[in-house]
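Asker: would you be able to build a 3D model of this:
(one chain, ligands or ions: 2)
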Amino acid sequence: MSVTVRVPAKVNVQLAVGAARPDGFHDLANVFLAVGLHDEVTVSPADELRVTCAGPDAHQVPLDRTNLAARAALVLAERRGLGEPAVHIHIAKDIPVAGGMAGGSADGAGALLACDALWGTHASREELLDICAELGSDVPFSLVGGAALGTGRGEKLRALEVGGSFHWVFAMAGRGLSTPAVFREFDRLAEGRDIPEPVASEALLDALADGDPGALAAAVSNDLQPAALSLFPELADTLAAGRAAGALAALVSGSGPTTAFLTRDPESAAKVAEGLTASGTCRSVRTAAGPAAGATVLSA
Ligand SMILES: C[C@](O)(CO)[C@H](O)COP(=O)(O)OP(=O)(O)OC[C@H]1O[C@@H](n2ccc(N)nc2=O)[C@H](O)[C@@H]1O
Ligand SMILES: Nc1ncnc2c1ncn2[C@@H]1O[C@H](COP(=O)(O)OP(=O)(O)OP(=O)(O)O)[C@@H](O)[C@H]1O
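Answerer: Residues are numbered from 1 along each chain as shown. Ligands and ions are numbered 1, 2, ... in the order given. Okay, here's the model as predicted:
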């Protein structure tokens, strides 16, 4: 018997970042949108804990206990006094690795839901969200999907209303960026400046609720973008190429280096994808719509 869970990637349509906290994290106003790029996590009984991964970026994924999917199994087993988890976790990876699209977080949320189903632990939604928050700031959102405002370090979620589908193009970069390094660069660039409290933009929340891509394009923002561009200056060329190809808005996704392009409809998304591919400014290009559902059990 095995359990497979499908989990979406995310794009941050707003990422407002506050000053560094004493614990090293930053308070955020983080507006997440789940998009239709997915990993699938399959958990089956085995002699011991083992992780395998398949997909174009699989060689970059750690297969030891630092893998967020393995950590999810370890935390649930520990909390339930189940001892060493004896499971094989297989990740079919389609979300770019170290791309700012919460790929590792998706696998953590997916493995948690799969182990809960396989072991019959019947954790409540609250307990699952609590374990997700322990695994990482983005992991609770990977579980719930849709659209949500994340506050605190991004783990405290409020679901948001979305009035339609938004069509995106994502440009994958030739190398990854480390999330802590991008936050450190944010701190360095912010030195000597007053950092305001992060707040969600009302115009942005209205645009999401109205399903209005033009209004959303005018309101998107990412406070980590200058830091990501400082560490990876070539991303400016990708952003320019997407704008030139007709994107309504172009921004770095989360901590990057994946860049995200909002378009009006699937036809313009296809045109922007074509323009980006022809520009030679990125490794590969994908289109996806959001919102997408959160972690979902496919088969058990
Ligand atoms: C950039 C985003 O992807 C936007 O959604 C997230 O804020 C990052 O979420 P994540 O990858 O789940 O991050 P975590 O695993 O919780 O933290 C990794 C590192 O990122 C930095 N970090 C993360 C979240 C946050 N609110 N403030 C931070 O400063 C910290 O250096 C932390 O040690
Ligand atoms: N299941 C996993 N898949 C991918 N990376 C993982 C996984 N578990 C741990 N990692 C580690 O986490 C690092 C970040 O990978 P990930 O793909 O989650 O980045 P990200 O998409 O930029 O994250 P975020 O958007 O949440 O900041 C990787 O370089 C890898 O070392």
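Asker: every contact and neighbour count from this point should use C-alpha atoms.
Answerer: Fine.
Asker: so where do the strands sit in the stretch 51-200 of the chain?
Answerer: 87-92, 147-151, 156-159, 166-172 (DSSP state E, counting those that start in this stretch).
Asker: so which of these gets nearest ligand 1?
Answerer: strand 147-151 (8.4 Å; CA to the nearest ligand atom).
Asker: helices or strands next to that closest one in the packing?
Answerer: strand 26-45, strand 156-159 (3 or more CA pairs under 8 Å, 6 or more residues apart in numbering; DSSP states H and E).
Asker: excluding its backbone neighbours, what's nearest the residue in the stretch 151-300 of the chain that ligand 2 sits nearest to?
Answerer: With CA to the nearest ligand atom, the shortest gap between the stretch 151-300 of the chain and ligand 2 falls at T179, namely 5.1 Å. Distance criterion CA to CA, 6 or more residues apart in numbering; nearest residue to T179, sequence neighbours excluded, is S255 at 5.6 Å.
Asker: could you tell me how many residues sit around the one you found?
Answerer: The number of residues packed near S255 is 29, by other CA atoms under 10 Å.
Asker: my guess is it contacts G100. True?
Answerer: Yes: counting by CA atoms under 8 Å, S255 touches G100, with 5.0 Å between them.
Asker: what touches both of those two?
Answerer: L177, T179 (CA atoms under 8 Å, 6 or more residues apart in numbering).
Asker: flag the shaky bits of this protein, pLDDT-wise.
Answerer: Applying pLDDT under 70 to the chain flags the ranges 300.
Asker: how about the helices in it?
Answerer: 68-79, 103-119, 125-135, 139-144, 179-190, 202-210, 213-219, 225-231, 235-244, 266-279 (DSSP state H).
Asker: what about the fifth one, near ligand 1?
Answerer: Yes: Helix 179-190 comes into contact with ligand 1 (CA under 6 Å from any ligand atom), by way of T179, P180, F183.
Asker: ok, and what's touching that helix?
Answerer: Under the criterion CA under 8 Å, 6+ apart, residues A19, A20, A98, G100, L224, P226, A227, A228, S230, L231, S255, G256 lie in contact with helix 179-190.
Asker: can we see that at 10 Å?
Answerer: 17-20, 24-26, 98-100, 178, 191, 193, 195, 223-231, 254-257 (CA atoms under 10 Å, 6 or more residues apart in numbering).
Asker: put the buried members of those residues into a PyMOL selection.
Answerer: Per 16 or more other CA atoms under 10 Å, the buried members of those correspond to this PyMOL selection:
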select buried, resi 17+18+19+20+25+26+98+99+100+223+224+225+226+227+228+229+230+254+255+256+257
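Asker: now narrow the contacts of helix 179-190 to whatever sits close to ligand 1.
Answerer: G24, F25, H26, G100, G254, S255.
Asker: among the residues you listed, which two are most distant?
Answerer: Using CA to CA, those reach their maximum pairwise distance at G24 and G100, which is 19.1 Å.
Asker: who in the stretch 201-300 of the chain is up against ligand 1?
Answerer: Residues of the stretch 201-300 of the chain lying near ligand 1 (CA under 6 Å from any ligand atom): G254, S255.
Asker: how about the residues of the stretch 201-300 of the chain near ligand 2?
Answerer: So the stretch 201-300 of the chain meets ligand 2 at G254, S255 (CA under 6 Å from any ligand atom).
Asker: now with 8 Å, please.
Answerer: S253, G254, S255, G256, P257 (CA under 8 Å from any ligand atom).
Asker: farthest-apart pair in these, please.
Answerer: For these, and using CA to CA, no pair is farther apart than G254 and P257, which are 8.2 Å apart.
Asker: need the residues touching each of these two.
Answerer: G99, G100, M101, T179, V182, Q225, A228.
Asker: hmm, the last one is touching G99, no?
Answerer: So the one you mean is A228. No: using CA atoms under 10 Å, A228 makes no contact with G99, being 11.2 Å away.
Asker: between the two, what contacts are shared?
Answerer: With CA under 10 Å, 6+ apart as the test, A228 and G99 both reach L177, S178, T179, V252, S253, G254, S255, G256, P257.
Asker: burial count for the closest residue to S230 other than its chain neighbours?
Answerer: Nearest non-adjacent residue to S230, counting by CA to CA, 6+ apart: E185, 7.9 Å away. Neighbour count for E185, taken as other CA under 10 Å: 19.
Asker: ok, V144 - contacts?
Answerer: 7-8, 34, 109, 125, 129, 157, 159, 292-296.
Asker: quick one: it and A227, what's the gap?
Answerer: Separation of V144 from A227 (CA to CA, to the nearest Å) stands at 28 Å.
Asker: between the two ends of stretch 190-199, what distance do you get?
Answerer: 17 Å.
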